[in-house]
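In: Please work out how this folds:
(chains A and B)
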2 protein chains.
Amino acid sequence: MIQKLTSEERARQIASLRGWHAVAERDAIQRKFEFADFNEAFGFMTRVAIKAQEMDHHPEWFNVYNKVDITLSTHEANGVTERDIALAAFIDSITA
Amino acid sequence: MIQKLTSEERARQIASLRGWHAVAERDAIQRKFEFADFNEAFGFMTRVAIKAQEMDHHPEWFNVYNKVDITLSTHEANGVTERDIALAAFIDSITA
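Out: Predicted coordinates:
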């Protein structure tokens, strides 16, 4: 059973990422992305989807045209875990 | 300049679709989908994305794991147009 991060661990891990912030109402992290157009936005989503499936850890996300908002949290831990940090780090790595 | 549908036209067109309803707060239509798993949900999204790009008319959508919520509206008309009905009909056709 995976444990959620303490608030200290979570803050430290968020600081190691790029542009992610804690969500106010729940134990989750979020980042908003903006691309040139829909083709680029959905291409990005496809890369994240393939990685998420490989990790068996999936995002909550919203897309409209060139914008993608991603929220990460671990359902079974009811909060942010190392899995979310790992997926966020991958996402950062493909948007460098 | 594309014109939005009148409320009568919109109601008639919604009735010709499957499972779509008018959104309460704005001039848009919405349908929620549930699939077996993430693979199936994202495969569906990919088919819709390719069609949307071809039509140059894109959805607003939210996905978490096997669930996909789609909202359609035409930005330049500030409401539901024939383009939304056409994209909704395509979406229905691949989820028969």
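In: and the lengthiest helix in chain A, which residues are buried?
Out: If you go by DSSP state H, chain A has its longest helix at helix A:38-55. For helix A:38-55, the neighbour count (16 or more other CB atoms under 10 Å in any protein chain shown) marks A:38, A:41-42, A:44-45, A:48-49, A:51-52 as buried. All C-beta spots, glycine's among them, are computed from the backbone N, C-alpha and C.
In: can you give me the helices in chain A?
Out: Counting by DSSP H, the helices of chain A are A:7-16, A:38-55, A:82-93.
In: What residues of the last one count as buried?
Out: Pointing back at helix A:82-93 there. Buried, per 16+ other CB under 10 Å, within helix A:82-93: A:82-85, A:87-88, A:90-91.
In: counting contacts, what elements does that helix pack onto?
Out: Where contact means 3 or more CB pairs under 8 Å, 6 or more residues apart in numbering or on different chains; DSSP states H and E, helix A:82-93 is packed against helix A:7-16, strand A:29-34, helix A:38-55, strand A:67-72.
In: so where's chain A shaky on pLDDT?
Out: For chain A, no stretch has pLDDT under 70.
In: interface residues of it facing chain B?
Out: Within chain A, the residues that sit near chain B (CB under 8 Å from any CB of the partner chain) are A:38-39, A:42, A:45-46, A:49, A:52-53, A:58-65.
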